[in-house]
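structure for this input, please:
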Amino acid sequence: MKNVCPKALFFKEWRSAKWMTMFMTFMLFMFQIMYVFNELSNLKWLAKRKGINSIEYKRELIGWFNEALMENNIQLVVVFTIIVLVIILFQSERKNETYSLIASMPFKREEIIKTKWVVGSLSVFISFFITFIMLSVFYFLNTEFIKNSYNIVLKWTLINILTYIAIFTILLFGQTFIGQNIVGGIVSSISLIVPFGAISMIEEIVAINMNLNGNHKFIIGIDKFAKYLNIYGINSAEYVLVDKGASYYVYNNYFIKLGVLVILITIFYNLAVYTYKKNKFENNGNIIMFSFFEPVFKWGITICSGLFLAFITMNIIYGFEQNKIIIDIFLVIGCVIGYFISDKMVLIFSK
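Numbering: from 1, shown residues only. The predicted structure follows:
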């Protein structure tokens, strides 16, 4: 551990991260543990009202715990917490007046970025491990009402820990490219949804311009490919129906997903270490830390803005005779607006 992150550096970062760890744990309690408790109360109420031998009760009994656990009610609050955590971890490093102090510290840059990763990953792990303990206690105290295997608690915990550590690692990597920690947190979090969102919007625009319906092989293939690119949804379970109208969630390709998450964590961790070592601290305060990244930043915002405005326009006129020319015009307008905004952002935050 000492070789990865010095003790003094670890405690410096942990002082900031511990509050977000507590907040994340509290949010998991409110949105996951309390939700499971509430669903159990509903089941007990159904047993009183309909009787334990009723078809309705038996149907709910089969999969209520599975559904309550795997509906993914926590995604938004956990992602928000991780974004704030990454912003806080880079708060001091990205201040113009502190870069010389950082450069004179007795720690290597590699140690600094590795410590941030360890602290952030530990924050995610602690929050979900505490939740796992609470879920386990709940499970074994209520086995008479739970017909699902304890295995789903283990699966839920593992895939969520790896998913949110992967998201944290990618956001950490994004911060090494941007000299403004708040902008870095926002842009990095949005960039995670860009591949999925952009392909989905392109799919809709192509479908309209080429008169393709949703059942066309090309559209179905693009839609399936887009879903694979949505890292925010990699921990989502699939909803299936079973006999007698009962339903529950399952993790399809579970171990493949775990493997993909481990690979993503490994790749982006090493990229973050490499890129941070190349950071010029005198560029702190600028949006762009590397000159080669400026056109990527500008054109990324340009293209996404154009697709977004075209997509919004398409949905506004949906149900009427869709005018391809109007949609294409707004695609161009969105690109122009996006480029103007990105260019102004670079100018404003440049020294």
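
the strands in the stretch 151-300 of the chain, which residues?
238-241, 247-250 (DSSP state E, counting those that start in this stretch).

the longest helix seen in the chain - contacts with which helices or strands?
Determined from DSSP state H, the single longest helix within the chain is helix 109-141. Counting contacts by 3 or more CB pairs under 8 Å, 6 or more residues apart in numbering; DSSP states H and E, helix 109-141 packs against helix 7-28, helix 34-50, helix 75-89, helix 151-175, helix 254-277. Bear in mind the C-beta positions are built from the backbone N, C-alpha and C, glycine included.

mind listing what residue 73 touches?
31, 32, 35 (CB atoms under 8 Å, 6 or more residues apart in numbering).

again, only this time at 6 Å
31, 35 (CB atoms under 6 Å, 6 or more residues apart in numbering).

on that earlier part again, for the helices and strands packed on helix 109-141, which one sits closest to residue 297?
Of all the helices and strands packed on helix 109-141, helix 151-175 sits nearest to residue 297, with 11.0 Å by CB to CB.

hmm, who's touching that closest one?
69, 78, 82, 86, 90, 117, 120-121, 124-125, 128, 132, 135, 139, 184, 188, 234-235, 261, 264-265, 268-269, 271-272.

for residue 81, see how far away residue 28 is.
According to CB to CB, to the nearest Å, residue 28 and residue 81 sit 9 Å apart.

among the helices and strands packed on helix 109-141, which is the most enclosed?
helix 151-175 (a mean of 22; mean count of other CB atoms under 10 Å).

just how off-centre is that helix within its chain?
9 Å (CA atoms, centre = their mean, to the nearest Å).

same thing with stretch 134-141?
27 Å.

what residues of it count as buried?
Counting neighbours by 16 or more other CB atoms under 10 Å, one finds that the buried residues in stretch 134-141 are 134, 135, 138, 139.

nearest residue to the middle of this protein?
The centroid of the chain falls nearest to residue 232 when counting by CA atoms, centre = their mean (4.1 Å).

from residue 171, how far out is that one?
12 Å.

what about the closest residue to residue 192 other than its chain neighbours, how many residues nearby?
With CB to CB, 6 or more residues apart in numbering as the criterion, residue 192 has its nearest non-adjacent residue at 5.6 Å, and that residue is residue 231. When neighbours are counted by other CB atoms under 10 Å, residue 231 registers 18.

one more: the one 3 residues further on?
Burial of residue 234 is recorded as 20 neighbouring residues (other CB under 10 Å).

what's the answer for the one 5 residues further on, then?
Neighbourhood size, residue 239 [other CB under 10 Å]: 12.

now it, nearest residue through space, not along the chain?
residue 249 (5.7 Å).

the one you found: what's it in contact with?
66, 70, 237, 239.

and the third one, how far is that from residue 147?
Note on residue 237: its distance to residue 147, by CB to CB, is 17 Å.

between those two, who's got more neighbours?
Remark: of residue 237 and residue 147, residue 237 carries more neighbours, 21 against 15, as counted by other CB under 10 Å.

give me the local confidence score for that one.
What the model reports for residue 237 is a pLDDT of 82.

also residue 227?
73.

burial of it, as a residue count?
Counted with other CB under 10 Å, residue 227 comes out at 14.

now it: how far from residue 233?
7 Å.

quick one: contacts for residue 238?
250, 252.

distance of it relative to residue 253?
In terms of CB to CB, residue 238 sits 10 Å off from residue 253.

please apply the same query to residue 42.
Applying CB to CB to residue 42 and residue 253 gives a distance of 31 Å.

helix or strand with the lowest mean pLDDT in this structure?
When each helix and strand of the chain is scored by mean pLDDT, DSSP states H and E, helix 99-103 comes last, with a mean of 53.

any regions of the stretch 1-150 of the chain where pLDDT drops low?
1-4, 92-107 (pLDDT under 70).

please repeat the previous calculation with a cut-off of 90.
Within the stretch 1-150 of the chain, the ranges that satisfy pLDDT under 90 run 1-16, 42-44, 46-76, 87, 89-113, 143-149.

returning to what we had before: could the strands of the stretch 151-300 of the chain go into JSON lines alongside distance to residue 10?
Below are the strands of the stretch 151-300 of the chain laid out as JSON lines (distance: least, CB to CB, whole Å):
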{"stretch": "strand 238-241", "distance to residue 10": "39"}
{"stretch": "strand 247-250", "distance to residue 10": "38"}
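
which of those sits closest to residue 299?
Here strand 238-241 is closest among the strands of the stretch 151-300 of the chain (CB to CB), at 35.6 Å.

quick one: distance of that closest one to the chain centre.
23 Å.
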